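Visitor: mind looking at a prediction? Sequence and model below.
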Amino acid sequence: MIKMNYGDVKHQKKLEGTFVALLDNADERQKKWVKLRKQLYQLKNEFKKLLPTQLHKLMTLPYTGLAEIYDTYVALRLDEKDRLHLALKELFSYTKDKGGRFNALSDSIIDFFKDKNNGFEIHTCYYCNMTYINYFQYEEVKKNGRKTGKRTQFDLDHVLDKGRCPLVALSLYNLVPACPTCNGPHIKGKRVMNVTLNQRQKLSPTSNLYDFDNQIKIWLRPKTEKIPNTDFLKHLDDYELDFDTLSDADYDKEINFLYLSNSSLKIRHA
Ligand SMILES: [Zn+2]
């Protein structure tokens, strides 16, 4: 797992400004946010402390704050068809449901991560660090002609599931470029770790508290003595991947959650 790099403080501020500017219809959305926020206050007083009054602040809230909002919102156990829940889904429109009032932002957010000026160097998946990610052109045939565009092999994963908690759908620090395998239903999909709030606030590549690189040692060991050292990828079964999490066992939760430990290496490559 790789920690997200947002550059130095100055660059990060600039990034946040660029990200916030992706929000279209900002005035109308803000008005809606004022109304919906009040409804959330009525359901749970704690939201007064957690939710920024400005929508753009929520879009750039540090991950630790998002994790707290997520846990508090999910604990409300709102029905999927609850009116407030649906209204929040419409406001925080990452992808668009039919008839939604606001544009979906998924395309512009993906472009934001691809834009070289923003300085993300996305080469491998931030979760598994195994899958190489690159861009390719595609041509799509539409009914009324051809359309070309760019498509990437990376998906943007919402660390905290936007379906369960729409409040975190458009937040910069909830987004992690991931390979389709990790983002897919067999590995992460819509799953969210079952952990305490303190653990949740730490266990994301987007968190200030994330320190996987310094806390965890990774061992790749041959299982037998006679191993051809030429083509590692063809001989995966001859190796085992081990994580030493002695210095912070919380990371075990993440390793198991993403099926990165030895026993699951085969599943990922099957
Ligand atoms: Zn991956």
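Guide: Cool, the structure landed.
Visitor: and the closest residue to Glu68 other than its chain neighbours, its phi and psi?
Guide: Of all residues not flanking Glu68 in the chain, Leu50 sits nearest, at 5.8 Å (C-beta to C-beta, 6 or more residues apart in numbering). (Each C-beta comes from the backbone N, C-alpha and C, glycine too.) For Leu50, the backbone dihedrals are phi -90, psi -30 (criterion: degrees, to the nearest 10).
Visitor: what's around Leu50, how many residues?
Guide: Leu50: 19 surrounding residues under other C-beta atoms under 10 Å.
Visitor: ditto for Pro180
Guide: 13.
Visitor: need the residues of this protein near the ion, please.
Guide: Selection of the chain residues close to the ion by C-beta under 5 Å from the ion yields Cys125, Tyr127, Cys128, Thr131, Cys179, Cys182.
Visitor: farthest-separated two in the residues you listed?
Guide: Distance extremes for the residues of the chain next to the ion: the farthest pair is Tyr127 and Thr131 at 9.0 Å, using C-beta to C-beta.
Visitor: I'd say Cys128 and Cys179 touch.
Guide: Yes. Counting by C-beta atoms under 8 Å, Cys128 touches Cys179, with 6.5 Å between them.
Visitor: neighbour-wise, which of those two wins?
Guide: Neighbours were counted for Cys128 and for Cys179 using other C-beta under 10 Å; Cys179 has more, 22 against 18.
Visitor: give me the distance between the more buried one and Arg191.
Guide: Per C-beta to C-beta, to the nearest Å, Cys179 is found 16 Å from Arg191.
Visitor: and Ile255, by the same measure?
Guide: As judged by C-beta to C-beta, Ile255 and Arg191 stand 14 Å apart.
Visitor: try Val74
Guide: Distance from Val74 to Arg191, by C-beta to C-beta: 13 Å.
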